[in-house]
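J.: Dropping a prediction and its sequence here:
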Amino acid sequence: MNHARDLLERTPDGELEKMILELGCYALRVRNEYRWRTRDREALPKGETVKSIVSLAVEKVLTGERRWNPTQHPDFMKFMRDVIDSLIYHLAISKDNALLTALPEESGQDEISWRAESDRAKPGAEWLARNEATPEQALLDEESEEQNNKAIRILLEECVADQTLTKIVGAMMGGCDHCGEIAAAIGIEVKEVYNAMKRLDRRVAAVSRRMVEVESSL
Amino acid sequence: MNRKNPPRSSEALIERIRRLSDEAEWSEDELREVLIDAGIDPDQFIKDIKTRIKELLKASPERQERSDYDSLPLLPRLRRITGLKATAIAEKMGAPVLFLSDLSAHPNVIPFRARKEFARRAANNLPGVSERDVLDSFERGLRQQVAAFRDAPFPDEEADFEKIVRRSDMSAAEQQYWLSLSEESPE
């Protein structure tokens, strides 16, 4: 039995449309992260787009290639987001990108979080890790660090007119990892933090675009 | 409060922002704006993905399989459920194959009480078969053109229940019993 098919067949049109928008925005965010990391103008390998990724995720689930088990994963949208993560992860490791050197995969771990330096990543699972730093690599690392600093500077510039965002970024860089912590650290309501996170998310997308533009103009 | 976990790079900061913004409740308008910012037309995006979903739901092999099953006439349906040949089904039902074949081919002429009786017998004697399976099949009201054990289609005849019973090779008593089911209920 394909539970995802049953669910989507029963989902009213309005809800289905919102689900589609949510998946599109999620894929966009994951793509932005990927672009942030790689400064890749194409953003996704193999000519894939946000739309094609969402379409592919839906296809895999509805054809049963990826089976949704509501008992194991009660949240269907969380399951779909995991499928999108997995698709982009596999695309990312398939790309011949000089910035990236994937660690050999451990069996059964091919769908671990692919994000470098994710605070939740398992030890040893960081796919940006390199075995040794050659002089060329050290130079690249230095450039990458500069790029990182530049990215954060641009992000702070984007937030300068919104004091709440500036404070939130400061709190996060200070180590706050949850909206409740951030709210307590800067003295605002948690609800305000969530609203601000949505604005911040859009600023990140803008910075990501600006970074790529700067790169390609050099 | 966790103050010992600063992000180790701008990438980790971005990942953290994404994770926390995912936790927020986004309105449909906000989601649309995010897509527009990225140069994606939200209406076209919805339309394209929805079309794809509809296509996949329509073409789903499981749905097709279900649809095929639903359109099966009685005898093929019983064969599918039990995995038995028609002769074995007939033997377990205590009825000739020809009778089963006729019931299967002409569901629209079978009186309601005869359908009920056949469904009851099938549920009692055939493994995995419920009365509903049989009644659903009758209710399709379809005329099976090719009987299970004939080389050629039934002639385009006006079948009626009495004719089906009379040509069935059942005993006289059995025939009488089945014909009595075509009479109006005394209620």
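T.: Arrived safely, thanks for sending. Residues are numbered from 1 along each chain as shown, chains lettered A, B, ... in the order given.

J.: do the helix or strand residue B:43 falls within and chain A meet?
T.: Residue B:43 is part of helix B:42-59, with elements assigned from DSSP states H and E. Yes - using Cβ under 8 Å from any Cβ of the partner chain, helix B:42-59 reaches chain A at B:42, B:45, B:46, B:48, B:49, B:50, B:52, B:53, B:56, B:57. Backbone N, C-alpha and C define where each C-beta goes, glycine included.

J.: for the fourth one, what are its contacts?
T.: Applying Cβ atoms under 8 Å, 6 or more residues apart in numbering or on different chains to residue B:48 gives the contacts A:51, A:55.

J.: Recalculate using a threshold of 10 Å.
T.: A:20, A:51, A:52, A:54, A:55, B:41 (Cβ atoms under 10 Å, 6 or more residues apart in numbering or on different chains).

J.: Same question for the second one.
T.: By Cβ under 10 Å, 6+ apart, residue B:45 lies in contact with A:17, A:20, A:21, A:23, A:24, A:25, A:50, A:51, A:54, B:32, B:35.

J.: List just the nearest of the residues you listed to residue B:109.
T.: The shortest approach to residue B:109 among the contacts of residue B:45 belongs to residue A:17, at 48.1 Å (Cβ to Cβ).

J.: which element is the closest one on?
T.: Element membership for residue A:17 (DSSP H and E) is helix A:13-38.

J.: how about that helix: buried residues?
T.: Using 16 or more other Cβ atoms under 10 Å in any protein chain shown as the test for burial, helix A:13-38 gives A:16-38.

J.: near chain B, from the residues you listed?
T.: Near chain B, judged by Cβ under 10 Å from any Cβ of the partner chain, the entries from the buried residues of helix A:13-38 are A:16-26, A:28-37.

J.: Number of residues surrounding residue A:178?
T.: By other Cβ atoms under 10 Å in any protein chain shown, the residues close to residue A:178 number 16.

J.: now do residue B:87
T.: Around residue B:87 there are 13 residues (other Cβ under 10 Å).

J.: Could you double-check that it lies in contact with residue B:97?
T.: Yes - Residue B:87 is in contact with residue B:97 according to Cβ atoms under 10 Å; the separation is 5.9 Å.

J.: quick one on the thing from earlier: so how do I select the buried members of the residues of helix B:42-59 next to chain A in PyMOL?
T.: In PyMOL, selecting the buried portion of these, with burial taken from 16+ other Cβ under 10 Å, looks like this:
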select buried, chain B and resi 42+45+46+48+49+50+52+53+56
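
J.: if I pick residue B:92, what's in contact with it?
T.: B:78, B:82, B:84, B:121, B:122, B:124, B:125, B:126, B:127, B:129.

J.: three-state assignment of the last one?
T.: This points to residue B:129. coil (DSSP: H, G, I helix; E, B strand; the rest coil).

J.: close enough to count as contact, it and residue B:83?
T.: No - because the distance of 11.1 Å does not satisfy Cβ under 10 Å, residue B:129 is recorded as not touching residue B:83.

J.: These two - which one has more neighbours?
T.: Neighbour count, other Cβ under 10 Å: between residue B:129 and residue B:83, residue B:129 has more, with 20 against 10.

J.: helix or strand for residue B:84, which one?
T.: Here residue B:84 is assigned to no helix or strand, by DSSP H and E.

J.: wait, what's in contact with residue B:133?
T.: B:69, B:72, B:74, B:77, B:78, B:80, B:81, B:119, B:122, B:123, B:126.

J.: Can I have the buried ones of those residues as a PyMOL selection?
T.: Typed into PyMOL, the line below selects the buried ones among these, using 16+ other Cβ under 10 Å:
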select buried, chain B and resi 72+74+77+78+81+119+122+123+126
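
J.: Among the contacts of residue B:133, which one sits closest to chain A?
T.: For these, the minimum distance to chain A (Cβ to the nearest Cβ) is 14.0 Å, reached by residue B:69.

J.: Point out where chain A drops to low pLDDT.
T.: A:36-43, A:45-46, A:93-133, A:135, A:137, A:139-141, A:143-145, A:214-218 (pLDDT under 70).
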